[in-house]
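Asks: I'd like to go over a predicted model; first the sequence, then the structure.
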Amino acid sequence: MVEQLVKKLNDTKQLNNTYIFYTSDNGYHTGQFSLPIGGRQLYEFDIRIPLMVRGPGIAPKQIVKVPVLNIDLAPTILDISGSDLPIMDGQSFLSQMAPSLRNGTSRSCFLVDHTGEGSPVSVPGCPKLGPGLCDAYNNTYACVRTLVGHNLQYCEFADNESFVEVYNLTSDASQLENIVKKVDPALLQAMNQQLIKLQSCA
């Protein structure tokens, strides 16, 4: 389908005047780390998705290292169209892809959150809620993911333990070691404050 679209744009001499965005859903993990089937976890294999863009002003084969989120797609498309950007979630990443076209800034961190869909007990009249659901009732979390200064993920769970997970993605890309007890308490406090700030505008 993509090949046919590109060929049609080329045949009609519109290819060099068209932006193409290619992305996908995050899909499901199916047993990694003994987690239930789904895509509801805070880990990189659940939150990362592919994104490729081609179009005027974008150099071929470049890799943009700054974080781009799904909520950035709409502002970017509006920016490409020349529209004034309304107040909305997300920010245009046109300046990251095509610096010759736009000046702009990138984010240093972002929010990752989820509200658990399960329940510790069956819910009368609603058999899909309860212990049989693939998501745990206590899988409600909010995280701040940083890439500037520290390549870390700091997560707080809304459970009766106030459980916290912290991962150093530079030394532990698979997120196998929770380093919350090894991290400087001042850094934990700073990340907690950053998380509160991000949640206040979510």
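Replies: Right, received. Where do you want to start? Only a predicted model underlies this, so the values are computations on that prediction, with no experimental measurement involved.
Asks: So which bits of stretch 92-110 are buried?
Replies: For stretch 92-110, burial by neighbour count (16 or more other CB atoms under 10 Å) applies to 92-98, 102, 107, 109-110. Yep, even glycine has a C-beta here, placed from its N, CA and C like the rest.
Asks: Equivalent analysis for stretch 24-42, please.
Replies: The neighbour-count check on stretch 24-42 (16+ other CB under 10 Å) flags 29, 35, 39-42 as buried.
Asks: go on, stretch 141-148?
Replies: Neighbour-count burial for stretch 141-148 [16+ other CB under 10 Å]: 141-147.
Asks: Now do the helices in the chain.
Replies: Here the chain has its helices, by DSSP state H, at 2-11, 44-47, 73-81, 94-97, 185-200.
Asks: deepest of those helices, which one?
Replies: Mean neighbour count (mean count of other CB atoms under 10 Å) peaks for helix 94-97 among these, with a mean of 21.
Asks: outside of that helix, which residues touch it?
Replies: By CB atoms under 8 Å, 6 or more residues apart in numbering, the list of residues contacting helix 94-97 from outside reads 53, 57-58, 62, 64, 66, 68, 76, 79-80, 101-106.
Asks: go on, stretch 179-197?
Replies: Stretch 179-197 has contacts (CB under 8 Å, 6+ apart) with 109, 111, 142-144, 146, 150, 152, 154, 156, 164-168, 172.
Asks: how near is the nearest residue to L9 once chain neighbours are set aside to G39?
Replies: Excluding its sequence neighbours, the residue lying closest to L9 (CB to CB, 6 or more residues apart in numbering) is L15, at 4.1 Å. From L15 across to G39, the span is 34 Å (CB to CB, to the nearest Å).
Asks: Same check on L69?
Replies: Taken as CB to CB, the span from L69 to G39 is 16 Å.
Asks: returning to what we had before: closest one of the buried residues of stretch 141-148 to V6?
Replies: Ranked by distance to V6 (CB to CB), those are led by L147 at 31.6 Å.
Asks: Relative to F21, how far out is that closest one?
Replies: From L147 to F21 the distance is 22 Å (CB to CB).
Asks: what do you get for K8?
Replies: Separation of K8 from F21 (CB to CB): 17 Å.
Asks: Show the residue spans covered by the strands in this protein.
Replies: Secondary structure of the chain (DSSP state E): strands at 20-23, 51-54, 109-114, 141-146, 152-157, 164-168.
Asks: Please pull out the lowest mean pLDDT helix or strand from the chain.
Replies: Using mean pLDDT, DSSP states H and E, the weakest-scoring helix or strand in the chain turns out to be helix 44-47, at a mean of 88.
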